[in-house]
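Engineer: What follows is a predicted structure for the sequence shown.
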Amino acid sequence: MAIDFNASNGATLGVEWELQLVDAETRHLRQDAREVLAALPVLGEITGLPKIRHELMESTVEIVTDICHTVGEAKNDLAGTLSALRGAAAERDLTLACTGTHPISDWRDAVMAPMGRYAQLIEEMQWLARRIQTFGVHVHVGVSDGAKAIPIVNALSAYLPHFLALTASSPFWSGSDTGLASCRAVVFGQLPTAGPPHLLDDWAAFEDYMDTLLRAGTIRSIKEVWWDIRPHPDFGTVEIRMFDGIPTMREVGMAAALCQSLVTLFDQQLDRGYTLPRPAAWVVRDNKWRATRYGLDAIVITDDTGSTAPLRDDIYELIRELEPVADRLGCAEELKVAGEVLEHGAPYERQRAIRAEGGTLEHIVDAAITELAEDRFVTLGEVAHAGT
């Protein structure tokens with residue numbers, strides 16, 4: 001089958017941010033997305049891509065940018081929608097937060113959004129889909145030529161642990177510490193067409209593979225291929241879906257800067273005639289698991305012979321390598337936030353620090369609410385003092 005790739009004009013950006021609807025009193029998730037969205041009809045009915053929309057569960061509202069050219073533009077776009085959403089939520093005694101999973105709410109209490117395709121997904125996947133009360137961030141980066149999309153996806157797959165560890169925010173599941181930095185990566189990754197991307201040779205191989213899945217009845221549309229990184233032909237982008245729910249706008253900007261800088265670097269290398277690196281599939285799978293389990297403390301595999309390095313060191317080197325690219329793109333300040341995360345802790349580390357200091361899971365929810373509202377990292381002392 002032929003799949004047309006609507007090439008983008010440069011490394012454009014689109015960001016999708018899945019947010020939790022949290023009861024202001026109980027701190028549990030509320031399944032009220034339908035009512036909140038009904039209060040914001042203009043944002044939900046924009047011609048083309050809506051700015052705000054349902055996700056699988058009614059505990060989730062997703063806000064979406066227009067096509068942006070800079071990380072700053074994308075952040076401003078999200079901020080405007082977030083402000084409107086916050087007002088509609090407050091009228092219903094709801095607050096907003098974003099972590100990969102909610103620390104205390106039980107997935108069995110989730111209510112599915114009223115959309116036919118979600119009902120079909122639940123019918124087909126059963127328990128696998130009913131568990132997906134999870135939250136993430138997706139970043140689209142425009143690619144100038146469809147022939148570049150698959151090589152860029154392959155090259156980006158080496159950075160799955162970097163993307164995940166910097167944003168891992170789901171150590172808790174239904175009130176228990178899972179021992180993982182990101183249990184969301186496991187919960188969502190169990191879907192049959194989720195997980196690391198298949199490392200293919202070129203666009204023709206991608207077309208052949210999608211055709212095979214369709215003929216086999218594995219999927220009804222290529223949109224049902226939920227790889228951690230995938231080409232998005234309609235948008236003319238590569239979509240990075242590896243990020244856990246991100247608590248602050250600053251960290252969302254960091255994720256967008258990483259993606260835009262890496263895709264731009266690879267796009268330019270292809271223009272110069274370079275062949276992009278393509279890690280072995282086993283390395284990609286193993287490294288994703290290491291980041292899922294250990295987050296920033298993972299020791300990752302750096303080549304096909306099994307050499308390893310601390311992920312923290314690898315991220316520091318990546319930031320330095322991308323600085324000139326980020327500077328040209330105007331997102332150098334957002335990229336620097338990665339260094340702050342390494343210094344002050346990724347979201348899963350900040351959550352566990354609250355527990356280690358004697359805080360409760362409710363304190364962790366409070367911290368996530370404050371981090372989103374005030375766009376900064378929060379300690380136990382701050383949330384405990386606020387509750388007295």
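Structural biologist: Received, thanks.

Engineer: Show me where the chain has its strands.
Structural biologist: Taking DSSP state E as the criterion, the chain contains strands spanning 13-23, 52-54, 60-64, 94-97, 136-142, 172-173, 176-177, 194-195, 226-227, 229-232, 237-244, 299-301, 308-310.

Engineer: now these as CSV including mean pLDDT?
Structural biologist: CSV is the format used below for those (pLDDT from 0 to 100):
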stretch, mean pLDDT
strand 13-23, 98
strand 52-54, 92
strand 60-64, 97
strand 94-97, 98
strand 136-142, 98
strand 172-173, 98
strand 176-177, 97
strand 194-195, 96
strand 226-227, 96
strand 229-232, 97
strand 237-244, 98
strand 299-301, 98
strand 308-310, 98
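
Engineer: Can I get those strands in CSV including mean neighbour count and distance to Glu35?
Structural biologist: For glycine as for every other residue, the C-beta is placed from the backbone atoms N, C-alpha and C. Written out in CSV, the entries for the strands of the chain read as follows (neighbours: other C-beta atoms under 10 Å; distance: least, C-beta to C-beta, whole Å):
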stretch, mean neighbour count, distance to Glu35
strand 13-23, 23, 9
strand 52-54, 20, 12
strand 60-64, 23, 11
strand 94-97, 22, 9
strand 136-142, 26, 23
strand 172-173, 24, 27
strand 176-177, 13, 30
strand 194-195, 18, 30
strand 226-227, 17, 28
strand 229-232, 23, 30
strand 237-244, 27, 27
strand 299-301, 20, 44
strand 308-310, 14, 47
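
Engineer: Which one, of the ones you listed, ends up nearest to Arg355?
Structural biologist: Closest to Arg355 of the strands of the chain, according to C-beta to C-beta: strand 176-177, at 7.4 Å.

Engineer: what's next to that closest one, contact-wise?
Structural biologist: For strand 176-177, the external contacting residues (C-beta atoms under 8 Å, 6 or more residues apart in numbering) are Pro171, Arg352, Arg355.

Engineer: Now rank these by neighbours and give me the top one.
Structural biologist: If you count neighbours using other C-beta atoms under 10 Å, the busiest of these is Pro171, which has 26 neighbours.

Engineer: closest to Asp4 out of the strands of the chain?
Structural biologist: Among those, if distance is taken as C-beta to C-beta, the winner is strand 229-232, at 11.6 Å.

Engineer: Which elements pack onto that closest one?
Structural biologist: With contacts defined as 3 or more C-beta pairs under 8 Å, 6 or more residues apart in numbering; DSSP states H and E, the packing partners of strand 229-232 are helix 146-156, strand 237-244.

Engineer: How far does that strand sit from its chain's centre?
Structural biologist: If you compare the mean C-alpha spot of strand 229-232 with that of the full chain, they lie 13 Å apart, counting by C-alpha atoms, centre = their mean, to the nearest Å.

Engineer: can you check stretch 269-277 too?
Structural biologist: How far stretch 269-277 lies from its chain's middle: 27 Å, per C-alpha atoms, centre = their mean.

Engineer: in it, what counts as buried?
Structural biologist: Neighbour-count burial for stretch 269-277, counted by 16 or more other C-beta atoms under 10 Å, picks out Gln269, Leu270, Leu276.

Engineer: likewise stretch 68-76?
Structural biologist: So, applying 16+ other C-beta under 10 Å, buried residues of stretch 68-76: Cys68, His69, Thr70, Val71, Gly72, Glu73, Ala74, Lys75.

Engineer: ok, now stretch 335-342?
Structural biologist: Neighbour counts using 16+ other C-beta under 10 Å place Leu335, Val337, Ala338, Val341, Leu342 of stretch 335-342 among the buried residues.

Engineer: Mind listing residues that contact that stretch?
Structural biologist: For stretch 335-342, contacts defined as C-beta under 8 Å, 6+ apart pick out 166, 250-251, 253-254, 257-258, 261, 296, 312, 315-316, 319, 322-323, 326.

Engineer: make it 10 Å
Structural biologist: Residues outside stretch 335-342 that contact it (C-beta atoms under 10 Å, 6 or more residues apart in numbering) are 71, 162, 165-167, 248, 250-258, 260-261, 296, 311-313, 315-316, 318-320, 322-323, 325-327, 329, 346-347, 349-350, 377.

Engineer: The closest residue to Leu311 other than its chain neighbours: neighbouring residues, count only.
Structural biologist: Leaving aside its chain neighbours, Leu311 sits nearest to Ala298 (4.4 Å; criterion: C-beta to C-beta, 6 or more residues apart in numbering). Number of residues near Ala298 (other C-beta under 10 Å) recorded here: 26.

Engineer: Tabulate the buried residues of stretch 335-342 in CSV, adding columns for distance to Val225 and pLDDT.
Structural biologist: Below are the buried residues of stretch 335-342 laid out as CSV (distance: C-beta to C-beta, whole Å; pLDDT from 0 to 100):
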residue, distance to Val225, pLDDT
Leu335, 29, 98
Val337, 30, 98
Ala338, 28, 98
Val341, 30, 97
Leu342, 32, 97
